[in-house]
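Trainee: give me the fold of what follows.
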Amino acid sequence: MMNRSRASKSRPPGILLAAALGLAGTLAGAGARAEGLAELFDGQLPNNFPFLNSAGTAATFSTAGFVDLTNPFHSPQGSNGRSCESCHLPQVGWSIRPVDVELKFLLTRGEDPIFNPLDANSPTPDVSSLQAKRASYSMLRKGLFRRGGTIPANGEFEIAELDDPLGAGGKLPTTVQTYRRPLATANFHIAQNIGWHDQNTDGTATVPVGLFRQADGNIIGAQGGPQAPKAIVDSIVSYELGLAFAQQFSFSAGLLTACGAKGGPENLSAQLTAKGRFDLFDAWKDLRPGSCGSKAADRKRAQIARGQQVFNGEVEGVTGNCSGCHNAVNNGSNVDGRLFDIHASQVQNRKPGMPLFKMRNKTTGETHQTTDPGRALRTGRWADMDRFKVPSLRGVIARAPYFHNGIAANLDQVVRHYEVELGFAFEDPADREALIAFMEAL
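Mentor: From the prediction side, this is the model:
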C-alpha cells in the first residue's frame, strides 16, 4: 500500500476538483455545523490536498501523515458551540476571511456560534432583529475580532482620550478594546512567538508552552468552557505544531516544485529554523523561456525568482528590505521573535469603526494616537507602542486581508503600505510586480 503522506505528492493538483471541493469546503465551514469538512473527508484530509485561491492552489502537509479533522481543534470544547476551527479554517490558510464570515452569517441568519457577543462590535450588541444583528457584527463580518486588555499597573502610559465609535468597550485610563485579524494556526514549527503582541510567549516561554496557553485560554474564553483536561490541550498543541501550509500551484507558473524549485507545504514541513534568505526559487533565476516548460510558464517562474531577490534585498534600484524583519529562511517570520511598528496602527491608517486612543506618557507628557497599542498593551512600555508580531508569509495569498487589523485588502496594498509608510521604492516598476508574484507563490 502506498504511504498516505506520499501518495498525494506525485498526484498533480486537479484544478477542477480543487475548485469544486474548495468551494464545498468553504461552504461547509460557513454552515451551521462545524464538522462539515470532517464529514466531507471522513475525518482525514489528505496531505497536499489542493484548495483554490486567487493565485492557484494551496495545501497543508501534516507530519502525522494526514490532516486529522477529528482532532479536538475541530470540535467545540466549551458551551457556546465554538471550536478553534470556527476562526481557523483549513481551506483558507488556517485563518478566516471576511467572505467566510459573511457566508456563515448568510447561511445561518447570524446564528452560527462565531456570532457571539465576545466578538461583536460592543460587549452588549443589539441582536433583536436580523438587521440589528448584521450591524452589531459589522467588524466581525470584515474578519476582525474584538480583543483587548488592561494596561499593566506599572505601565509607562495611560489613555488620555478615547474615540470609540462602535462602543467596543475601551475605557479611560487603562482599558483597551480594539479589533484584530486571527493569525494562521500553522507553520508553528518555525515560529518564535504566539499572538499578535506576544501575549502567550511573552519573551520567555517556548512556542509549545505559548500554544498551550493560547489553546487553554481560548477554550475557557472564546469557547466558554471550563479548563480542558491537559490531554485535550496537549493534543491540540501537538496537532498545530505538525501543520505546514503553503502555496503549491500557480495558475501561471504551474507546480511550485517544478525544475528544482522548493515551494509547497511538504518542503516547508521539513524546514529548520534559521536566519537567512529565501532560496525556494533559486533554480528559476534567469530561467530561459522554454527550458523548463512552456515559454509563458518559464517567464512567470523567472519573475517569481526575481521577486525573491527583491524580497531578499539582492536587487539594485530597490529601496527597502523585506528580509530585515522577515528573516526566517523560507518562512518569513522573525527568527529572534522581534516585534515591529510598521505604522499599521497609526492614525493615518485608521479605518471606519476602529477606536482611536490618545496615549499619554506618564513621565514626559508626550502623546501618541493609535488604533491598537500592540505589544505595549502587554509590557506597558512606551517604546513598545504599535509593535506587532512578524507572521509567517507562507500561503499568505489564501488569507487576505492583511496586517493585524486587516487594513490591506490584497498584496498590492501591502506593498503600497510599505512604500508610503516605510519609504520602499522601486526604480523599475517590474520589480514591484515581481515582489507581488513571489509572495503569491509562497
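Trainee: mind listing the strands in the stretch 251-400 of the chain by residue range?
Mentor: According to DSSP state E, counting those that start in this stretch, the stretch 251-400 of the chain carries its strands in the segments 254-255, 318-319, 339-340, 356-361, 367-370, 388-389.
Trainee: which stretch among these comes nearest G93?
Mentor: G93 lies closest to strand 388-389 among these, at 16.1 Å (C-beta to C-beta). Glycine gets a C-beta too; all of them are placed from N, C-alpha and C.
Trainee: partners of that closest one, with directions?
Mentor: Pairing partners of strand 388-389, with direction, according to DSSP bridges: strand 339-340 (antiparallel).
Trainee: and the partner strand, average pLDDT?
Mentor: If you average the pLDDT over strand 339-340, you get 98.
Trainee: also stretch 74-84?
Mentor: On average, stretch 74-84 scores 96.
Trainee: so how far is the first residue of it from its last?
Mentor: Criterion C-alpha to C-alpha, to the nearest Å; first-to-last residue distance in stretch 74-84 is 6 Å.
Trainee: can you give me how far the helix with the most length in the chain is from the chain middle?
Mentor: Secondary structure of the chain read by DSSP state H shows that its longest helix is helix 295-312. How far helix 295-312 lies from its chain's middle: 24 Å, per C-alpha atoms, centre = their mean, to the nearest Å.
Trainee: related to what we said a few turns ago, of the strands of the stretch 251-400 of the chain, which is nearest K230?
Mentor: Closest among those, using C-beta to C-beta: strand 388-389, at 26.2 Å.
Trainee: run a quick neighbour tally on the nearest residue to F251 once chain neighbours are set aside.
Mentor: Spatial nearest neighbour of F251, chain neighbours left out: G56 (4.9 Å); criterion: C-beta to C-beta, 6 or more residues apart in numbering. The local packing of G56 (other C-beta atoms under 10 Å) involves 24 other residues.
Trainee: how about H88?
Mentor: Each residue near H88 was counted by other C-beta under 10 Å, and the total is 23.
Trainee: any idea of the mean pLDDT in stretch 219-237?
Mentor: 96.
Trainee: residues of it that come out buried?
Mentor: The neighbour-count check on stretch 219-237 (16 or more other C-beta atoms under 10 Å) flags 219, 222-225, 228, 232-237 as buried.
Trainee: those residues into a markdown table, with extra columns for distance to G78?
Mentor: Listed next are these as a markdown table, based on distance: C-beta to C-beta, whole Å:
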| residue | distance to G78 |
| --- | --- |
| I219 | 6 |
| A222 | 8 |
| Q223 | 3 |
| G224 | 4 |
| G225 | 3 |
| A228 | 8 |
| I232 | 11 |
| V233 | 13 |
| D234 | 17 |
| S235 | 16 |
| I236 | 13 |
| V237 | 17 |
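Trainee: what's the closest of those to N187?
Mentor: Nearest to N187 among the buried residues of stretch 219-237 is V237, at 14.3 Å by C-beta to C-beta.
Trainee: and that closest one, that one's in a helix?
Mentor: Yes. Assignment of V237 by DSSP: H, G, I helix; E, B strand; the rest coil places it within a helix.
Trainee: what helix or strand is A38 on?
Mentor: Per DSSP states H and E: A38 is located in helix 36-40.
Trainee: all helices of the protein, in order?
Mentor: 4-7, 15-30, 36-40, 98-108, 130-136, 207-220, 230-241, 265-269, 295-312, 376-379, 411-422, 429-440.
Trainee: count the neighbours of the residue nearest to G332 when sequence neighbours are not counted for me.
Mentor: Residue nearest to G332 in three dimensions, not counting chain neighbours: L393, with 3.2 Å by C-beta to C-beta, 6+ apart. When neighbours are counted by other C-beta under 10 Å, L393 registers 21.
Trainee: which residues are in contact with the residue nearest to F251?
Mentor: Residues in contact with G56 (C-beta atoms under 8 Å, 6 or more residues apart in numbering) are 247-252, 440.
Trainee: export these to TSV and tack on neighbour count, distance to T185 and pLDDT?
Mentor: Output for the contacts of G56, formatted as TSV (neighbours: other C-beta atoms under 10 Å; distance: C-beta to C-beta, whole Å; pLDDT from 0 to 100):
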residue	neighbour count	distance to T185	pLDDT
Q247	27	17	98
Q248	29	19	98
F249	25	22	98
S250	22	24	98
F251	15	26	98
S252	16	29	97
E440	22	22	98
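Trainee: determine which two of those residues are furthest apart.
Mentor: Q248 and S252 (13.9 Å).
Trainee: quick one: buried residues of stretch 381-388?
Mentor: Buried residues in stretch 381-388, counted by 16+ other C-beta under 10 Å: 382, 384-388.
Trainee: likewise for stretch 100-109?
Mentor: Of the residues in stretch 100-109, those buried by neighbour count under the rule 16+ other C-beta under 10 Å are 100-105, 108.
Trainee: any idea how far it is from the middle of the chain?
Mentor: Its chain's average C-alpha position is 20 Å from that of stretch 100-109, according to C-alpha atoms, centre = their mean.
Trainee: same check on stretch 125-133?
Mentor: Relative to its parent chain, stretch 125-133 has a centroid offset of 29 Å by C-alpha atoms, centre = their mean.
Trainee: for stretch 413-429, same thing?
Mentor: Centroid displacement of stretch 413-429 relative to its chain, using C-alpha atoms, centre = their mean, is 21 Å.
Trainee: check stretch 432-442 too.
Mentor: In terms of C-alpha atoms, centre = their mean, the centre of stretch 432-442 is found 17 Å from the chain centre.
Trainee: CA atoms of it as CSV?
Mentor: C-alpha atoms of stretch 432-442 as CSV (Å, rounded to 0.1, in the frame of the first residue of the first chain):
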residue,chain,number,x,y,z
ARG,A,432,7.4,45.7,-7.7
GLU,A,433,5.3,43.3,-9.7
ALA,A,434,7.9,40.6,-9.3
LEU,A,435,7.8,41.0,-5.5
ILE,A,436,4.0,40.5,-5.5
ALA,A,437,4.4,37.5,-7.8
PHE,A,438,6.9,36.0,-5.3
MET,A,439,4.5,36.5,-2.4
GLU,A,440,1.7,34.9,-4.3
ALA,A,441,3.9,31.8,-4.8
LEU,A,442,4.7,31.4,-1.1
